[in-house]
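Asks: please find the sequence and the predicted model below.
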Protein chains: 2
Amino acid sequence: MSLLRAREAVMSHFRPMLDRHGVNEQQWRVIRVLGEAGALDATQVAERANILAPSLTRMIKTLTERGLIERARDADDRRRLLLAIAPAGRDLLRRVSPDSARIFAELEGRFGKDRVEDLMDLLDALSRLKA
Amino acid sequence: MSLLRAREAVMSHFRPMLDRHGVNEQQWRVIRVLGEAGALDATQVAERANILAPSLTRMIKTLTERGLIERARDADDRRRLLLAIAPAGRDLLRRVSPDSARIFAELEGRFGKDRVEDLMDLLDALSRLKA
DNA sequence: CCAATATAATTAACATGTTAACAGTATGGA
DNA sequence: TCCATACTGTTAACATGTTAATTATATTGG
């Protein structure tokens, strides 16, 4: 519950900004992942953006239609769908990133840089408690 | 992202157990809230269980049909819908709670009791960064 | 080479998340 | 009293979350 509430509290600061840019949380995660990594197959995008495969399948359609990403079959393994960021996606990335960084910096300032670091360490350690 | 991943990692330990008992995360949160608080109106349940009003409206129907909760209009303020746990809900609570406590204890043991405490403190402080 | 098996993505079905609009009920002030 | 306003819960519409089944393609063992 604490994790859920904290996440909700944090995202409440980002959501209005993302909404102004016309994307939701999940779409922004996909765009960011593709912007950082270049081309990835759908499974890897799903993993890195923490989105389930069926959700991603649906999102690919709308993101492609909006020209934010591009899709292509992998020639070596025709099961794989390669995804990459498209020009409009890069533009979006350039517009959103500064706002995102500004909001993060403001939260970090209010919460304390060292406490943010402590928190992230604990969270990442918790995530690695997988099995 | 760290918050999202950490929550997903934690819940992956609880989900199979809840599934065996025939409830999902959200239903379990509602049952727990009502079990602890007695009768509450829908708005308060939604707040405490971190569920949006429209989702709760839908859940009330299925939870009532399954005999897990009971609903009644508030006589003093006929807008309000009072919710309370029903006998079958109490039974479920009694069956699930030990399993839940066991899983939490195991995670706490592996992660470290003091680190759990630190983490919860940081998360709660983060949640209070609301405005 | 082929059949069994595994993997990548999609589809289906149902639940919840999310925002906006709506209906019914309370409440406070002209 | 009555009206404007606020509040509670519901409905609607669309997106994502979740699990299971399915399709297409690869891979592996015999």
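Replies: Here it is on my side, so go on. Numbering: from 1, shown residues only, chains lettered A, B, ... in the order given.

Asks: secondary structure element for the residue nearest to the spatial centre of chain A?
Replies: The residue lying closest to the centre of chain A (CA atoms, centre = their mean) is A:Arg29, at 1.3 Å. Taking DSSP states H and E as the criterion, A:Arg29 maps to helix A:25-37.

Asks: which helices and strands does that helix pack with?
Replies: With contacts taken as 3 or more CB pairs under 8 Å, 6 or more residues apart in numbering or on different chains; DSSP states H and E, helix A:25-37 sits against helix A:2-20, helix A:42-49, helix A:53-65, strand A:69-73, strand A:81-85, helix A:87-111. C-beta: built from backbone N, CA, C; applies to glycine.

Asks: could you single out the most deeply buried of the ones you listed?
Replies: Per residue and on average, the most neighbours among the helices and strands packed on helix A:25-37 fall to strand A:81-85, with a mean of 20 (mean count of other CB atoms under 10 Å in any protein chain shown).

Asks: what residues does that strand touch?
Replies: For strand A:81-85, contacts defined as CB atoms under 8 Å, 6 or more residues apart in numbering or on different chains pick out A:31, A:34-35, A:38-42, A:45, A:60, A:68-74, A:93.

Asks: so it versus helix A:25-37, what angle?
Replies: 90 degrees (axes from the mean of the first three to the mean of the last three CA atoms, to 10 degrees).

Asks: rounded mean pLDDT for strand A:81-85, please.
Replies: Average pLDDT, strand A:81-85: 98.

Asks: tell me the strands beside that strand, with direction?
Replies: strand A:40-41 (antiparallel), strand A:69-73 (antiparallel) (DSSP bridges).

Asks: quick one: those as CSV, columns for distance to A:Leu3 and mean pLDDT too.
Replies: Converted to CSV, these look like this (distance: least, CB to CB, whole Å; pLDDT from 0 to 100):
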stretch, distance to A:Leu3, mean pLDDT
strand A:40-41, 27, 97
strand A:69-73, 29, 96
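
Asks: closest one to A:Leu126 among the ones you listed?
Replies: Among the strands paired with strand A:81-85, strand A:40-41 comes nearest to A:Leu126, with 25.5 Å by CB to CB.

Asks: can you tell me which of the helices and strands packed on helix A:25-37 comes nearest to A:Ser127?
Replies: With CB to CB as the criterion, A:Ser127 lies closest to helix A:2-20 of those, at 10.7 Å.

Asks: residues of chain A that sit close to chain B?
Replies: Taking CB under 8 Å from any CB of the partner chain as the measure of proximity, chain A contacts chain B at A:1-10, A:12, A:29, A:50, A:107, A:110-111, A:115, A:118-120, A:122-130.

Asks: which of the residues you listed come close to DNA strand C?
Replies: A:Glu8 (CB under 7 Å from any atom of the strand).

Asks: list the contacts of the residue nearest to the centre of chain A.
Replies: By CB under 8 Å, 6+ apart, the neighbours of A:Arg29 are A:Ala49, A:Asn50, A:Ile51, B:Met1.
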